[in-house]
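Novice: Need the 3D shape of this:
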Amino acid sequence: MEGFEIVIPKDNVHNFIVSSLEAVGLTPARGSLVADILVSADYRGIYSHGVILLDKYMDEIRSGVVSVEDKEPTVIKESIGTALVDGNSLIGDIVVNKCAYVARYCMDIAIKKAKEAGIGFVTCRGANHFGMAGWYSTYAMEQGFVGVALCNTNSRMVPTRGTRTTLGTNPISIAALGNHGDSFILDMATTVVAAGKLKIMASKHSILPENMIVDVNGHESRKYEDFNGVFPVGGREETGGYKGFGLAMMIDILSGVLSGAEFGANCKGAGNLELTQLRNLMTYVNEYTSC
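Specialist: Have a look, this model is predicted:
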């Protein structure tokens, strides 16, 4: 029925996610943080990064793409303000007696280093989809820092003047505290739309908005069945799409090349229009006092 809604309490959704992940081998402790992040996304209205991801996560655990082994990410090398981490293909890990994504593990290291050195810069390879990037930058912000989280993904973007996908949706998020309970939080893909949002949109509308998807010839299309990739932020070249392409390249360098991991078209995912799969990520925090 059009317009029909069912409202489910947050705790019920959280418990459902935990029990579902437990059924495929993830411990309740680890599944709890996964649930925290997915429920947080839905609660903020970012439905492309909420419970819709659960089926993807379960499939990746079943197939062995994501490891549920009882092991930790590995810090390969570090300095007083930087670190390089290997996520060991984990969906998360135990940090401070709580389950955490590899991204949370990295952000905890970045925060610790920022407390000591004034800045923390951590790159990671061998990670998996980390949900909503804004969760991690906000996590740092709530501890008094400017938090930045970004990652490269499997290729979804057709660059300016191109016909093939060569970069991912490559999201970036920054969060900073303000006065009087205010804050600034940016969480965005460097494509005009995230893959998950496009999938939701296509399920509701037969014709998509303009300046969004690209067909196999590199031309714009408004039909979902023509999907070959998505435009960078800015859309076509005439409307500034090369700027989004440049931002995505920057993120690919920082999170893929710098960490010694896959990047560009070599950063492979599921090979269809499912939500993007994270391979590498970067977290950054800087000591901050609101003004």
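
Novice: I'd like to know how far G229 sits from T169.
Specialist: Between G229 and T169 the computed distance is 10 Å (Cβ to Cβ, to the nearest Å). C-beta here means a position set from N, CA and C on the backbone, and glycine is covered the same way.

Novice: Settle it for me: which of these two has more neighbours?
Specialist: It is T169, of G229 and T169, that has more neighbours when counted by other Cβ atoms under 10 Å, with 29 against 24.

Novice: That one falls within a strand, correct?
Specialist: No. Per DSSP: H, G, I helix; E, B strand; the rest coil, T169 lies outside any strand segment and is coil.

Novice: ok, N217 touching T163?
Specialist: Yes. Under the criterion of Cβ atoms under 8 Å, N217 makes contact with T163 at 6.3 Å.

Novice: Mind checking which of the two has more residues around it?
Specialist: The neighbour count for N217 versus T163, taken as other Cβ under 10 Å, is higher for T163 (15 against 9).

Novice: Show the contacting residues for that one.
Specialist: Each residue near T163 by Cβ atoms under 8 Å, 6 or more residues apart in numbering is listed here: V214, V216, N217, G218, N228.

Novice: Where does it fall, secondary structure wise?
Specialist: Secondary structure assignment for T163, by DSSP states H and E: no helix or strand.

Novice: pLDDT wise, what is it at?
Specialist: pLDDT, T163: 91.

Novice: how much space between it and L26?
Specialist: Separation of T163 from L26 (Cβ to Cβ): 40 Å.

Novice: Then R156?
Specialist: In this view, R156 and L26 are 27 Å apart by Cβ to Cβ.

Novice: of those two, who's got more company?
Specialist: Each of R156 and L26 has its neighbours counted (other Cβ under 10 Å); R156 has more, 26 against 22.

Novice: Can you read off the backbone torsions of that one?
Specialist: Main-chain torsions, R156, degrees, to the nearest 10: phi -130, psi -20.

Novice: Just list the residues touching it, thanks.
Specialist: Going by Cβ under 8 Å, 6+ apart, the list of residues near R156 reads T165, L167, G168, T169, T191, A195, G229, V230, T276.

Novice: Reformat those as TSV; add distance to F16.
Specialist: Putting the contacts of R156 into TSV (distance: Cβ to Cβ, whole Å) gives the following:
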residue	distance to F16
T165	34
L167	34
G168	29
T169	27
T191	30
A195	24
G229	33
V230	31
T276	24
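
Novice: Please, a PyMOL command that selects the buried ones among those residues?
Specialist: To isolate in PyMOL the members of these that are buried, counting by 16 or more other Cβ atoms under 10 Å, one can use:
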select buried, resi 165+167+168+169+191+195+229+230+276
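
Novice: Lowest-confidence entry in the contacts of R156?
Specialist: T276 (23).

Novice: Settle this for me: T123 is touching F263, isn't it.
Specialist: No. At 11.8 Å, T123 does not count as touching F263 under the criterion of Cβ under 8 Å.

Novice: Now, the contacts of T163 that are in strands?
Specialist: V214 (DSSP state E).

Novice: Pretty sure E60 sits in a helix.
Specialist: Yes. Using three-state DSSP, the assignment for E60 is a helix.
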